[in-house]
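# Output the structure for:
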Amino acid sequence: MIRARGLRVRLDGVEALRLDSIEVRDGERVGVRGPNGSGKSTLLRVLAGLLEPTEGTFEAPRRTVLVHQQPYFFRGTARENVAYALKLNRRPPREAGEWLERLGAAAFADRPASTLSEGERRRVAVARALAARPEALLLDEPFAGLDAAGLATVTAALRAFEGALVIAAPQLDGAPVDRVLALTAAR
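Prediction:
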C-alpha cells in the first residue's frame with residue numbers, strides 16, 4: 001500500500017508539489033495526470049524515497065521501484081541491465097531473457113544499452129523493473145517514444161503486474177489504470 005498525506009515539496013523556494021492525499025492499495029493502478037510542472041515526477045521521487053518532502057507524510061512498500069522518465073542504464077547490454085536487477089533480488093540471471101521476451105525486447109537483448117532507441121530503452125527499463133518483483137511500481141511517462149507494438153506490449157505487462165502501480169503522464173489515454181488523480185500546475 002502507498003499512502004501520502006499533506007505533501008508539500010519546495011525546491012529552490014518554488015513549490016514543486018502540493019498534494020492533500022493519495023492512497024494506492026495493493027493491486028490497484030492509479031494514473032497521475034497533469035501538465036508539465038504540476039509535480040508528477042516530484043511525487044514519484046517522494047514515493048520512491050529519493051526526495052524528502054518539505055511537509056507531510058508518506059509510506060510505500062520497502063520493495064518500491066521507480067522507472068524514471070529518462071531511464072538510467074549501466075554499461076553493458078540490455079540483457080546485462082535486466083540481469084543486474086535479478087542479481088540484486090537473488091534471482092537467477094537467466095531469467096533476464098524471459099523478462100525481455102515479455103516486453104518484446106528479446107531481439108535487442110545483446111545490444112549495448114547505450115545504442116538503444118528511446119522506445120527500446122523504455123521496454124528494457126520496464127523489463128528490468130518488473131524483474132525486480134517490486135511490491136509497488138512507479139512509472140514516469142512509461143509510454144513516451146513507444147511505437148504501437150511497444151505500447152501494446154508494455155501495457156499488457158503492466159496489466160499483469162499484481163502490486164500497487166502508479167503511472168504519471170500528461171495524458172493517460174489507454175493506460176491500464178483504475179482511476180486518475182489530476183494534479184494542477186505548481187503555484
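
# got the contact list for the helix or strand in which G119 is found?
Secondary-structure element containing G119, defined by DSSP states H and E: helix 118-131. Residues outside helix 118-131 that contact it (C-beta atoms under 8 Å, 6 or more residues apart in numbering) are 65, 67-68, 71, 73, 78, 81-82, 84-86, 89, 91, 95-96, 99-100, 102-105, 108, 113, 116, 137, 139, 142-147, 150, 153-154, 157-158, 161. Backbone N, C-alpha and C define where each C-beta goes, glycine included.

# pLDDT averaged over that helix, what's the number?
In this model, helix 118-131 has an average pLDDT of 95.

# Each with direction, which strands does the next helix or strand after it pair with?
Of the helices and strands lying after helix 118-131 in sequence (DSSP H and E), the nearest is strand 136-140. Sheet partners assigned to strand 136-140 using DSSP bridges are listed as strand 64-67 (parallel), strand 164-169 (parallel).

# same for the very next helix or strand once past strand 136-140, what does it pack against?
Going down the chain from strand 136-140, the next helix or strand is helix 148-160, by DSSP H and E. Counting contacts by 3 or more C-beta pairs under 8 Å, 6 or more residues apart in numbering; DSSP states H and E, helix 148-160 packs against helix 118-131.

# Give me the angle between the helix it packs on and helix 148-160.
Regarding helix 118-131 and helix 148-160, their directions subtend 20 degrees when assessed with axes from the mean of the first three to the mean of the last three C-alpha atoms, to 10 degrees.

# Any of the contacts of helix 118-131 buried? List them.
Judged by neighbour count, with 16 or more other C-beta atoms under 10 Å as the criterion, the buried members of the contacts of helix 118-131 are 65, 67-68, 71, 73, 78, 81-82, 84-86, 91, 96, 99-100, 102-105, 108, 113, 116, 137, 139, 142-143, 146, 150, 153-154, 157-158, 161.

# OK, contacts around the spatially most central residue of the chain?
Among the residues of the chain, the one closest to the centroid is L139, at 2.0 Å (C-alpha atoms, centre = their mean). Shown in contact with L139 (C-beta under 8 Å, 6+ apart): 44, 66-67, 126, 129, 158, 165-168.

# ok, those vs S21, which is closest?
V166 (13.7 Å; C-beta to C-beta).

# And the closest one, how close does it get to L43?
In this structure, V166 and L43 are 8 Å apart, going by C-beta to C-beta, to the nearest Å.

# where do the contact lists of those two overlap?
Shared contacts of V166 and L43 (C-beta under 8 Å, 6+ apart): V32.

# about what we covered before: give me the beta-bridge partners of the residue nearest to the centre of the chain?
Under DSSP bridges, the beta-bridge partners of L139 are V67, I167.
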